[in-house]
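Colleague: model this:
(one chain, ligands or ions: 2)
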Amino acid sequence: MTKPLRIGVAGLGTVGVGVVKILAARREFLAAAAGRSIDIVAVSARNKAKARGIDIGSARWEDDALKLATADDIDVVVELIGGAEGVARALVETALANGKHVVTANKALIAHHGIALAKLAENKGVALNYEAAVAGGIPIIKALREGLAANEIESVTGILNGTCNYILTEMETTGRDFADVLKDAQALGYAEADPSFDVGGIDAAHKLAILASLAFGREVDFGSVNIEGIEKITAADIKFAKEFGYKIKLLAIATKSDGGVEQRVHPALVAEGSPLAAVSGVFNAVAVRGDRVGLLVLEGRGAGEGPTASAVLSDLVDIARGLVMPPFIVPTSHLKAPAKAAEGGPESAYYLRFNAVDRAGSMAEITRALANASVSIERIVQRGDEGDTGRKPVVFVTHKTQESSMRQALAHLLKLVDVAGTPLVIRIEDGESR
Ligand SMILES: NC(=O)C1=CN([C@@H]2O[C@H](COP(=O)(O)OP(=O)(O)OC[C@H]3O[C@@H](n4cnc5c(N)ncnc54)[C@H](OP(=O)(O)O)[C@@H]3O)[C@@H](O)[C@H]2O)C=CC1
Ligand SMILES: N[C@@H](CCO)C(=O)O
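Modeller: Ligands and ions are numbered 1, 2, ... in the order given. Just a heads-up that it's a prediction; the model follows:
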């Protein structure tokens, strides 16, 4: 066996602890698989006194994580702190500049600075691996880089945030409320340090921007992702969707067109029975359409200690085996500049929910407003009073229409005195039917 791969782990939270545990439990097998042992020589976190339930053996403790980036006895810095800026960014930049390999689970960092960091890694001939940054335990980056290399990718559709999928599933199956379930997701180690990144769709957008870059050979373009989170989804919406034969999921969709790439993250109604509707709890799924392979769907746990640490370890084993690949599949000089496709996406059906005053003629006005925008209605449901306000929740499912028509219909509705508040509009997607 050649000499050990010496690693420094920065961050001993949910993911860092998972990495230490796997390295202890699978030490011999990993050494055999990689051809050399993987040894933790140093660790860093904020609070040395915190009980973490792990044994770091003879590894030294560094109060200052940046010391890992310059230490002579470290070959790989494993960054598991998080955040697009601050210590995490400084640590990764310094490590790469010092010719050290980097493994990270930090999607915010890669989505914002991935290309600059990749250039740095390429110049130094070292690896920048980030399998854990997208879809937790699903090896989607390896799949795109290796298994699907022969394909021109047409679209990538995913459920990419475990916290949101867990919240939506719990709301559906137990009727519990949003805030309550979010607390659970935090306690289980699924949520980001700032959970508004999860529920606001930003975390899924970070991951989508990375996947779109890998899939379509363009530089990461996080700024072009249209983002909408799940904050406005109520238990009533989930119930209505179920009545119509759908589930509500936070989808992340990237599609290639002649003009560039369309990237969007938003809640969507997906048909029950489709692959994406079946993905529940903390699970993620990524559906890739390639010109040769057709549709491929990968599903697995998208967050949490074990699945995420599993992905970190796969990156470490690659480095221990001597594999150093361009971080974005092709060298950065081969990546095309970002190009945002015209917005609007394909025609789609829509779910529309709002409260309307219950008086003679109000429904006629509402349906006229939709018709004037060329939006045709497939189903209407009206339910009992919202308290004693005299308003009733009304839900429409439309036939397929252009997004521009839907926007126009919404503008008309907002002008009607009988419509209270801003209607909730959710796209209906097919959930990647085969
Ligand atoms: N949790 C998950 O399921 C997943 C997380 N990720 C990503 O992995 C990364 C880590 O996430 P996670 O483990 O959940 O985060 P945690 O919040 O659980 O852990 C963060 C760790 O970083 C340490 N830390 C914070 N600031 C510093 C600093 N200045 N110097 C040294 N250490 C510091 C903390 O120290 P201390 O413990 O002392 O406070 C803690 O150990 C993030 O980028 C996240 O987005 C990716 C996929 C899944
Ligand atoms: N907060 C993220 C962690 C995994 O990236 C999620 O819930 O999916």
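Colleague: host element of the residue of the stretch 51-200 of the chain found nearest ligand 1?
Modeller: In the stretch 51-200 of the chain, the residue that lies nearest ligand 1 is Gly82 (3.1 Å; C-beta to the nearest ligand atom). Where you see a C-beta, it was placed from the backbone N, CA and C, and this is true even at glycine. Per DSSP states H and E, Gly82 falls between elements, in no helix or strand.
Colleague: what residues does it make contact with?
Modeller: Gly82 is in contact with 11, 88, 105-106, 108, 192-193, counting by C-beta atoms under 8 Å, 6 or more residues apart in numbering.
Colleague: and if we set it to 6 Å?
Modeller: 106, 193 (C-beta atoms under 6 Å, 6 or more residues apart in numbering).
Colleague: same question for Ala209.
Modeller: By C-beta under 6 Å, 6+ apart, the residues touching Ala209 are 111, 220, 222, 225.
Colleague: so of the residues you listed, which two are at opposite extremes in space?
Modeller: Val220 and Val225 (10.2 Å; C-beta to C-beta).
Colleague: what does this protein put close to ligand 1?
Modeller: Contact residues (C-beta under 6 Å from any ligand atom) of the chain with ligand 1: 10-16, 44-47, 50, 65, 80-82, 87, 105-107, 132, 136, 189-190, 192-193, 303-304, 308.
Colleague: which residues does Val92 contact?
Modeller: Neighbouring residues of Val92 by C-beta under 6 Å, 6+ apart: 79, 102.
Colleague: per the record, what domains does this protein have?
Modeller: The record's domain parsing of the chain by automatic domain parsing lists 5-133, 140-301+328-334, 349-429.
Colleague: now the terminal residues of the shortest one, how far apart.
Modeller: Meaning domain 349-429. Criterion C-alpha to C-alpha, to the nearest Å; first-to-last residue distance in domain 349-429 is 8 Å.
Colleague: tell me which residue of the stretch 251-400 of the chain lies closest to ligand 1.
Modeller: Nearest residue of the stretch 251-400 of the chain to ligand 1, counting by C-beta to the nearest ligand atom: Ala303, 3.4 Å away.
Colleague: is it true that Gly16 touches Leu80?
Modeller: Yes: here Gly16 reaches Leu80: they are 4.3 Å apart, a contact under C-beta atoms under 6 Å.
Colleague: before we move on, the earlier item: for ligand 2, which of the domains of the chain is the nearest?
Modeller: Nearest of the domains of the chain to ligand 2, taken as C-beta to the nearest ligand atom: domain 140-301+328-334 at 3.4 Å.
Colleague: hang on, the earlier thing: narrow the contacts of Ala209 to those in strands?
Modeller: Residues of the contacts of Ala209 located in strands (DSSP state E): none.
Colleague: which among these gets closest to Ile428?
Modeller: Checking the contacts of Ala209 against Ile428 by C-beta to C-beta gives Val225 as the nearest, at 20.5 Å.
Colleague: quick one, helices of the stretch 51-200 of the chain?
Modeller: Applying DSSP state H, counting those that start in this stretch to the stretch 51-200 of the chain gives helices spanning 86-97, 107-124, 140-142, 162-174, 178-187, 196-199.
Colleague: what comes up buried for the fourth one?
Modeller: By neighbour count with 16 or more other C-beta atoms under 10 Å, helix 162-174 contains the buried residues 162-172.
Colleague: now do that helix: distance to the chain's middle.
Modeller: 15 Å (C-alpha atoms, centre = their mean, to the nearest Å).
Colleague: so which strand or helix has Leu214?
Modeller: Leu214 is part of helix 202-216 when elements are defined by DSSP H and E.
Colleague: okay, buried residues for that helix please.
Modeller: Across helix 202-216, burial judged by 16+ other C-beta under 10 Å covers 202-216.
Colleague: and ligand 2, which of the residues of the chain next to ligand 1 contact it?
Modeller: The subset of those within reach of ligand 2, by C-beta under 6 Å from any ligand atom, is 136, 190, 192, 303.
Colleague: and these, which two are the farthest apart?
Modeller: Gly136 and Glu192 (12.7 Å).
Colleague: which one's more surrounded, the two?
Modeller: Between Gly136 and Glu192, counted using other C-beta atoms under 10 Å, the more crowded position is Gly136 (29 against 20).
Colleague: any idea how far Val265 is from that one?
Modeller: Going from Gly136 to Val265 by C-beta to C-beta, to the nearest Å gives 17 Å.
Colleague: what residue ranges in this protein score low on pLDDT?
Modeller: Applying pLDDT under 70 to the chain flags the ranges 1, 344-345, 385-389, 434.
Colleague: partners of the helix or strand hosting Phe396, with directions?
Modeller: Assigned by DSSP H and E, Phe396 belongs to strand 391-398. If you go by DSSP bridges, strand 391-398 pairs up with strand 349-357 (antiparallel), strand 377-382 (antiparallel).
Colleague: can you say which of those is packed in most?
Modeller: strand 349-357 (a mean of 20; mean count of other C-beta atoms under 10 Å).
Colleague: quick one: contacts of that strand?
Modeller: Residues from elsewhere that reach strand 349-357, judged by C-beta under 6 Å, 6+ apart: 269, 362, 386, 391, 393-398, 400, 406, 418-420, 423-426, 428.
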